[in-house]
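# here is my input; please provide its structure:
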Amino acid sequence: MQIQLRYFHKICIGILVLAGNSVLRASEADLPKGLWEEIRANYQDIKPDQVDVISLADLNGDGKSDAIMQIAGGYAGSCGFTAGIFKKVPAGYKLVSDIACVSKIAVDKKSTNGWVDLLASSREGYFRLSFNGRAYPDSPMAGKREKRTP
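The predicted structure is shown next:
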């Protein structure tokens, strides 16, 4: 399912449900300015067809659309995909966190240290990932176990 990303810039954080089949396959041209360059700088040999948009939403309350991207290719495996969390900055985007072995990921209404919490699942269950002031945990299992699902 390919949809122009401009329709997703104003999605409310509270209604995002992000799972494997709800991501958007986007061409390089569809991505916000500077995002593809930051993806390529941090994930060598990645191709546009190996990157999916999970969410474009304000994750840190600054009024700008940050990005959660599903990174596949050599960055995904039997445990799941890598979720790249990118902050919108004046020059484009900056990678904030790499979260490995993710099956599903969603944005929660609760926040920690100025950033929304993420709810991620892996083979081990569901976990709350809270921002520590610099980054999110690097895997779902490093977060707090949750009983509810994203």
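
# can you show me the strands along this protein?
24-25, 51-57, 66-71, 81-89, 92-102, 104-112, 115-122, 125-129, 144-146 (DSSP state E).

# hey, C-alpha coordinates of the longest one in CSV?
Coordinates of the C-alpha atoms in strand 92-102 are reproduced here as CSV (Å, rounded to 0.1, in the frame of the first residue of the first chain):
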residue,chain,number,x,y,z
GLY,A,92,17.1,17.4,8.3
TYR,A,93,17.0,14.4,10.7
LYS,A,94,19.3,12.8,13.3
LEU,A,95,19.3,9.2,14.4
VAL,A,96,18.4,9.0,18.1
SER,A,97,18.0,5.3,18.6
ASP,A,98,18.3,1.9,17.0
ILE,A,99,16.0,-0.7,18.5
ALA,A,100,16.8,-4.2,17.3
CYS,A,101,14.5,-7.3,17.2
VAL,A,102,11.2,-5.6,17.0
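
# neighbouring strands - and their directions - for it?
The strands beside strand 92-102 in its sheet (DSSP bridges) come out as strand 81-89 (antiparallel).

# which residues sit against the partner strand?
Residues outside strand 81-89 that contact it (C-beta atoms under 8 Å, 6 or more residues apart in numbering) are 32, 35, 38-39, 42-43, 54, 59-60, 62, 64-72, 75-76, 93-103, 105, 118, 120, 136. Backbone N, C-alpha and C define where each C-beta goes, glycine included.

# coming back round to it: can you redo the strands of the chain as JSON lines with mean pLDDT and mean neighbour count?
Listed next are the strands of the chain as JSON lines, based on pLDDT from 0 to 100; neighbours: other C-beta atoms under 10 Å:
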{"stretch": "strand 24-25", "mean pLDDT": "54", "mean neighbour count": "16"}
{"stretch": "strand 51-57", "mean pLDDT": "88", "mean neighbour count": "23"}
{"stretch": "strand 66-71", "mean pLDDT": "92", "mean neighbour count": "24"}
{"stretch": "strand 81-89", "mean pLDDT": "94", "mean neighbour count": "22"}
{"stretch": "strand 92-102", "mean pLDDT": "94", "mean neighbour count": "20"}
{"stretch": "strand 104-112", "mean pLDDT": "93", "mean neighbour count": "18"}
{"stretch": "strand 115-122", "mean pLDDT": "94", "mean neighbour count": "24"}
{"stretch": "strand 125-129", "mean pLDDT": "92", "mean neighbour count": "21"}
{"stretch": "strand 144-146", "mean pLDDT": "88", "mean neighbour count": "13"}
